[in-house]
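Novice: sequence below, structure please.
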Amino acid sequence: MTNIPTSPVLSDAEIDAYWRDGYVFVADALTPAQLDALRSDFAAWVDESREYTEPYGITQDGRPRFDLQPGHSADHPILRRVASPVEVSEAYLSAMRDNRALDAVTQLVGPNIEFNNSKINAKHPGTATEVKYHQDFMFQPHTNEDLIACLFFLDDVTLENGPLNVVPGTHTGPLYDHWHDGVYTGTVAPEVETAHVERAIPVHGPAGSACLMHTRLLHGSAPNQSDRPRTLFISEYRAEDSKPLQVNHLPSPYDGEVVRGQRTNRVRCSSYELDYPEVPTTASFFDQQDKDGRVRRAT
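Specialist: Now for the predicted structure:
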């Protein structure tokens, strides 16, 4: 038995809003001490990245851990992604295991919760980093869809620095194809994006907050047009009875660790169909999404 919350984080209205819209905002998801520790480790990694000219480090499956934005240099470091930071930082591991957002997750799909994977996505000021519209579940099929991504704001997220944009209600709609012309781009088709983008809502707030997002929710984000960074620590959790149907695209020795409640040895299945995603072979899914532009130009 692990860390049972003593008081609810979400109100009944917020729980209803999550199931209606596919996301919910949680203020003060991290303590000030947690936030300071996470920022400190990320700043150290950014400084370390000055020594490299290409993605570096090694994850459990042999891919680079630290992904660099094109244009990165010692004078202008652009570390855009850290895969599974919980493996190389006690601060990130500790925060993954215990935070207010995780307590909120138990109200939504709990009480028994497993860790799925984690990463850092960073948008440095004035860089071209964007996240094209997609659904997380299309990267990670499970026996059911009770997976929640907790996006922790390590910086103040504003309308100008590339906030998450979500399309409310799309978690109850179709699973959109992320393969196009035989290429796994990790994005929806242009016509799907066009049909939904006008309804997208930016999610912003102060550092230490979090957005909890349903795995089927359609979302993306634009480049950072400001002079301030936007860094997210993304920790994903799943209901303990939701079992992976493919290798984890961000493998970790902590995959499947029970972080709330207990292990039940049960599996629950829902009904859906999809094409298996392509397992990344490079540092991050940004490389997969870069294929989208090439496919569109070819067609």
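
Novice: so what pairs up with the residue nearest the centre of the chain in the strands?
Specialist: Centroid-nearest residue in the chain: Ile234, 4.3 Å away (criterion: CA atoms, centre = their mean). Per DSSP bridges, the residues bridged to Ile234 are Lys119, Leu151.

Novice: wait, it touches Asn116, no?
Specialist: No: checked against CB atoms under 8 Å, the pair Ile234 and Asn116 is beyond contact range at 10.4 Å. Heads up, the C-betas are built off the backbone N, CA and C, glycines and all.

Novice: tell me the contacts of Asp156?
Specialist: Going by CB atoms under 8 Å, 6 or more residues apart in numbering, Asp156 touches 205-207, 228.

Novice: could I have the PyMOL command that selects the buried members from these?
Specialist: To isolate the buried members of those in PyMOL, using 16 or more other CB atoms under 10 Å:
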select buried, resi 205+207
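
Novice: which one of the contacts of Asp156 sits closest to His178?
Specialist: Nearest to His178 among those is Gly205, at 28.5 Å by CB to CB.

Novice: and that closest one, bridged to which residues?
Specialist: For Gly205, the beta-bridge partners are Val157 (DSSP bridges).

Novice: distance of it relative to Asp61?
Specialist: Going from Gly205 to Asp61 by CB to CB, to the nearest Å gives 34 Å.

Novice: kindly report the same for Phe152.
Specialist: 24 Å.

Novice: of those two, give the one with the bigger neighbour count.
Specialist: A direct count of neighbours by other CB atoms under 10 Å for Phe152 and Asp61 places Phe152 higher, at 27 against 16.

Novice: so how far is Thr264 from the nearest residue to the more buried one once chain neighbours are set aside?
Specialist: In space, and not counting its chain neighbours, Phe152 is closest to Phe233: 4.3 Å by CB to CB, 6 or more residues apart in numbering. Plainly put, Phe233 is 28 Å away from Thr264 if you go by CB to CB.

Novice: the more surrounded of these two?
Specialist: The residue with more neighbours, out of Phe233 and Thr264, is Phe233; 30 against 12, by other CB under 10 Å.

Novice: which residues are in contact with that one?
Specialist: Contacts for Phe233 (CB under 8 Å, 6+ apart) come out as 38, 85, 92, 95, 118, 120, 151-152, 154.
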